[in-house]
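# Based on what follows, work out the 3D shape:
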Amino acid sequence: MTPRFSDDIEAYHRRVDIDEWNDVYVVGDVHGCLRELEALLDDLDPGADDLVVFVGDLVRKGPDNHGVVDLVRSADNMLSVRGNNEEKILRGNKDPDDLTEADKEWLASLPVAISWEGTLVTHAGVDPRKPLDEHTVDDLQNVRSMVPDASYQPPFWFDRYDGPDRVFFGHTVLEEPVVREYAVGLDTGCVYGGELTAYDWRRDELVTVDTDRTVEHRDPEKFIAPAPLA
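The predicted model follows:
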């Protein structure tokens, strides 16, 4: 069975028939880094029958937000959830000057969750302290630390989550990807001089491209080192 959310979120929940696709890739936060995205897609080489799903934050902070949106929007085999940075744009906060009105209309149309059998893609993750049908859009776009009023203090939600669906997420900038039975974290800080990371869902393996530039500085303490599994 695919996950069931509240009625408010169900309107922004896209279900995928995964049997309609050959290879399936899930890609971490791009943040307007078109050059790195193109390099990653060259490595993945997806065909028309392969699916590429993004965990959101396609835009903001990087140099070519319009180019990233145009690439993903124009591809019939690419989907994305709406991240917290897309949400900021839609709420009139921190609007990149290279996005068109058509770009923003497309961002507004994005779901906040994409799922298929046993798999859920959201931007930030899920809150293991409550059932899915009690989640809000804000939960799916911003959840991180389980410590009240903290953002970068462990434990993080993926340290406490035990299924049943395997959740693919971005949002939390990681020193290295999180790959666990029920959680796969893919934001490896491309815009901050890290890597752009994808997960090959069929083969159960990572694909990364390095970047040769740091577009925006990030304090080292805001790169999360995933806790080792017990």
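# Tell me who's in contact with the spatially most central residue of the chain.
The residue lying closest to the centre of the chain (CA atoms, centre = their mean) is residue 55, at 1.8 Å. Remark: with contacts taken as CB atoms under 8 Å, 6 or more residues apart in numbering, residue 55 is in contact with 26-29, 80-81, 83, 121-123, 168-171, 186-187. Just so you know, the C-beta spots here come from the backbone N, C-alpha and C atoms, and that holds for glycine as well.
# Give the single residue among the residues you listed positioned nearest to residue 130.
Taking CB to CB as the measure, residue 122 is the one of the contacts of residue 55 closest to residue 130, at 14.2 Å.
# and the closest residue to the closest one other than its chain neighbours, helix, strand or coil?
Across the structure, with CB to CB, 6 or more residues apart in numbering as the measure, the residue nearest residue 122 apart from its sequence neighbours is residue 140 (4.3 Å). In the three-state summary, residue 140 is assigned as helix, counting by DSSP: H, G, I helix; E, B strand; the rest coil.
# Please renumber the chain so that the first residue is 78 from this point on.
With 78 as the first residue, the last one maps to residue 217.
# isn't residue 217 right next to residue 203, touching?
Yes: in this structure residue 217 lies within contact range of residue 203 using CB atoms under 8 Å: 7.1 Å.
# And the two? Which one has more around it.
Taking residue 217 and residue 203 together and counting by other CB atoms under 10 Å, residue 217 has the greater number of neighbours (32 against 24).
# Worst mean pLDDT across the helices and strands of the chain, which element?
Lowest by mean pLDDT, DSSP states H and E among the helices and strands of the chain is helix 84-87, with a mean of 89.
# Enumerate every residue touching the nearest residue to residue 250 once chain neighbours are set aside.
The spatial neighbour of residue 250 that comes closest, neighbours along the chain excluded (CB to CB, 6+ apart), is residue 266 at 4.7 Å. Each residue near residue 266 by CB under 8 Å, 6+ apart is listed here: 250-251, 272, 295, 300.
# how about a cut-off of 7 Å?
Contacts for residue 266 (CB atoms under 7 Å, 6 or more residues apart in numbering) come out as 250, 295, 300.
# For residue 172, state which of those is nearest.
Taking CB to CB as the measure, residue 295 is the one of those closest to residue 172, at 21.1 Å.
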